[in-house]
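S.K.: Have a look at this prediction, sequence included:
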Amino acid sequence: MNKKIIFLVFIVAFAMISCSTKSGQFDVTDYGAKGDSLHINTLEIQKAIDDCSQKGGGIVIFKKGIYISGTILLKDNVTLHISEDAKLVGSSNPYDYQSIDTFVDATGQERGNCLIGSIEASNIGIVGKGIIDGNGTAFTYENILAKKKIFGIASNNKKFGTNRPFLLRFVKSSNIKIKDIELRQPAAWTCHFYQSNAIDVDNINIYSHANHNNDGIDLDSSFNAVIKNCRIDTGDDAICFKTTSPLPTYDIKVQNCTLKSEWGALKFGTESMGDFYNIHISDCKIEDTRGGGIKMLSVDGGNIYDIEIENITMNQVDMPIFIRLGERLRTYRDAEKQKVGSIDNINIKNIIATTRDIEKSRVSPPSGIFMTGTPNHRIGKIKLQNVDITLPGKGKISELKEVSEQIDKYPEFSFFEALPAYGLFGRHIKNIQMSGMNFNLENTDERASIIFDDVIYSINDGVENVKKQ
């Protein structure tokens with residue numbers, strides 16, 4: 001090739017990149033990415049992101065195609081746009097991922113790998129009507145064993161493939177926007193925000209059932225976030241507020257979301273070292289959820305207060321409301337152990353719920369509300385207004401056992417087994433105020449409607465059949 005041809009090729013290539021730079025758009029195919037569902041595009045996509053950020057920011061575009069990739073990191077002022085006919089898919093090779101801010105979660109598993117991540121980045125986003133798929137089935141136990149044989153790795157090597165990749169992971173980042181995108185099948189959590197702020201999540205779809213611990217959205221020691229108009233269907237918690245560091249999670253709004261889960265729809269904890277406050281959840285629907293509708297759990301030292309939850313409809317949901325103050329006191333990230341936390345000033349109102357049938361319930365017969373502190377640490381003020389729960393009934397007093405305390409155990413309502421009240425069982429509480437409470441039975445139930453045990457002060461406006469132990 002003579003010098004003139006080389007010069008012309010350089011001019012054309014420069015013009016293409018220059019044109020995309022001027023418009024603020026950076027097409028990943030201009031950097032060598034191939035949407036052929038075969039090529040591993042990690043380096044090419046990262047090059048497009050880096051170039052976009054270095055040139056002042058803009059949009060990195062994925063046009064029609066299926067793009068396979070390992071870990072890519074967002075940089076300042078970069079938004080990924082996944083077009084409607086485009087899909088970004090996680091590689092099935094564990095070696096294609098990197099761990100950022102590695103930590104150990106409440107299940108004892110190492111976390112940190114991700115498909116898309118950010119560290120101390122600002123003004124970043126993921127938008128478009130395309131799909132990001134984590135290819136989570138590639139990281140099931142059986143498939144990891146198969147990969148060990150392919151790569152010649154000893155079967156007793158416990159590290160290979162155990163740090164299952166999250167789909168999206170934002171660490172100490174700010175001004176984050178996620179809109180319209182469909183997020184599918186990660187190997188672990190779907191969308192994790194850690195010590196991040198100014199978060200806007202709007203109109204996204206999440207479907208996450210490929211593996212274990214498939215949370216939807218986790219806000220972890222983060223603040224100033226809005227989650228709205230989302231549809232989330234997960235194998236684990238749908239929307240979860242966490243504090244795996246002593247820093248709080250606060251100033252959060254969740255609005256107009258439809259949730260379905262195999263473990264919990266709206267959950268505070270269990271990782272709960274830091275505080276949770278000023279969180280408002282409204283106008284959400286919870287469908288066919290096995291693990292509980294609203295779960296509020298402080299067991300590692302966090303203080304949960306100034307929480308308002310209103311206008312929630314639940315259909316076929318195990319244990320619509322579960323509130324637990326415990327003394328597990330687990331630590332994370334080498335932080336010091338906290339003192340026992342608190343739960344106070346919780347306002348839950350305008351709730352309409354139907355529990356699951358007895359045959360489908362994790363606890364049979366089910367109850368509507370369970371709130372318990374410990375003998376030495378009572379829950380503070382709880383206010384319940386206009387709560388209507390329909391239950392199957394069929395409880396028999398002869399089949400009940402004494403309700404255990406489980407002071408320092410994992411806080412799950414099913415571990416306490418059937419309760420002596422079908423409507424509400426409240427224990428170790430300082431102040432509970434109730435009005436407009438209705439518990440509707442489809443069959444007779446020998447248990448009481450409401451039982452209080454070690455409740456110091458209560459106001460029961462129009463609530464009948466309250467028994468104290």
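M.R.: Now that the structure is in, tell me what you want to look at.

S.K.: and the closest residue to Phe276 other than its chain neighbours, how many neighbours?
M.R.: Spatially, and ignoring its direct neighbours in sequence, Phe276 is nearest to Ile304 (4.5 Å; Cβ to Cβ, 6 or more residues apart in numbering). Bear in mind the C-beta positions are built from the backbone N, C-alpha and C, glycine included. Here the number of neighbours of Ile304 (other Cβ atoms under 10 Å) works out to 28.

S.K.: same thing with Glu120?
M.R.: Quick note: Glu120 (other Cβ under 10 Å) scores 12 neighbours.

S.K.: and the nearest residue to it once chain neighbours are set aside, how far is that from Ser398?
M.R.: Of all residues not flanking Glu120 in the chain, Lys172 sits nearest, at 4.9 Å (Cβ to Cβ, 6+ apart). Separation of Lys172 from Ser398 (Cβ to Cβ, to the nearest Å) stands at 56 Å.

S.K.: Of those two, which one has the most company?
M.R.: Legend: neighbour count by other Cβ under 10 Å for Lys172 and Ser398, higher for Lys172 (18 against 5).

S.K.: my guess is that one meets Gln195, correct?
M.R.: Yes. Look at Lys172 against Gln195 with Cβ atoms under 8 Å: they come within range, at 4.8 Å.

S.K.: which stretches of the stretch 1-150 of the chain have low pLDDT?
M.R.: 1-22 (pLDDT under 70).

S.K.: any chance you could map the helices in it?
M.R.: 3-22, 42-54, 141-151 (DSSP state H, counting those that start in this stretch).

S.K.: What strand or helix carries Gly264?
M.R.: Assigned by DSSP states H and E, Gly264 falls within no helix or strand.

S.K.: Packing partners of the helix or strand encompassing Glu271?
M.R.: Per DSSP H and E, Glu271 falls inside strand 266-272. Of the remaining helices and strands, those touching strand 266-272 by 3 or more Cβ pairs under 8 Å, 6 or more residues apart in numbering; DSSP states H and E are strand 239-243, strand 276-289, strand 294-298, strand 303-317.

S.K.: Out of the ones you listed, which is closest to Lys260?
M.R.: Each of the helices and strands packed on strand 266-272 has some distance to Lys260 by Cβ to Cβ; the shortest is strand 276-289, at 4.8 Å.

S.K.: List the buried residues for the closest one?
M.R.: Residues 276-279, 281-282, 284-286, 288-289 are the ones in strand 276-289 that count as buried (16 or more other Cβ atoms under 10 Å).

S.K.: Name every strand pairing with it and say which way it goes.
M.R.: Take DSSP bridges as the rule and strand 276-289 pairs in its sheet with strand 249-255 (parallel), strand 258-261 (parallel), strand 303-317 (parallel).

S.K.: Out of the ones you listed, which is the most enclosed?
M.R.: Most buried of the strands paired with strand 276-289, by mean neighbour count (mean count of other Cβ atoms under 10 Å): strand 258-261, with a mean of 25.

S.K.: Mind listing residues that contact it?
M.R.: Residues outside strand 258-261 that contact it (Cβ atoms under 8 Å, 6 or more residues apart in numbering) are 216, 230-239, 265-266, 284-291.

S.K.: ditto for stretch 229-240
M.R.: So stretch 229-240 is contacted by 189-190, 201-219, 227, 254-268, 289, 291 (Cβ under 8 Å, 6+ apart).

S.K.: Give me the buried subset of those residues.
M.R.: Buried, going by 16+ other Cβ under 10 Å: 189-190, 201-202, 204-208, 210-211, 213-219, 227, 254-255, 257-268, 289, 291, out of these.

S.K.: what residues are up against the nearest residue to Thr137 once chain neighbours are set aside?
M.R.: Spatial nearest neighbour of Thr137, excluding adjacent residues (Cβ to Cβ, 6+ apart): Ala210 at 4.9 Å. Applying Cβ under 8 Å, 6+ apart to Ala210 gives the contacts 134-137, 140, 185-187, 235.

S.K.: Now Ala210. Its backbone dihedrals?
M.R.: Per-residue torsions, Ala210: phi -80, psi -20 (degrees, to the nearest 10).

S.K.: And it, how close does it get to Asn143?
M.R.: 11 Å.

S.K.: Need the overlap of contacts for the two.
M.R.: Thr137.

S.K.: what residues does stretch 433-443 touch?
M.R.: Outside stretch 433-443, the residues that touch it by Cβ under 8 Å, 6+ apart are 368, 381-394, 422-424, 449-450, 458-463.
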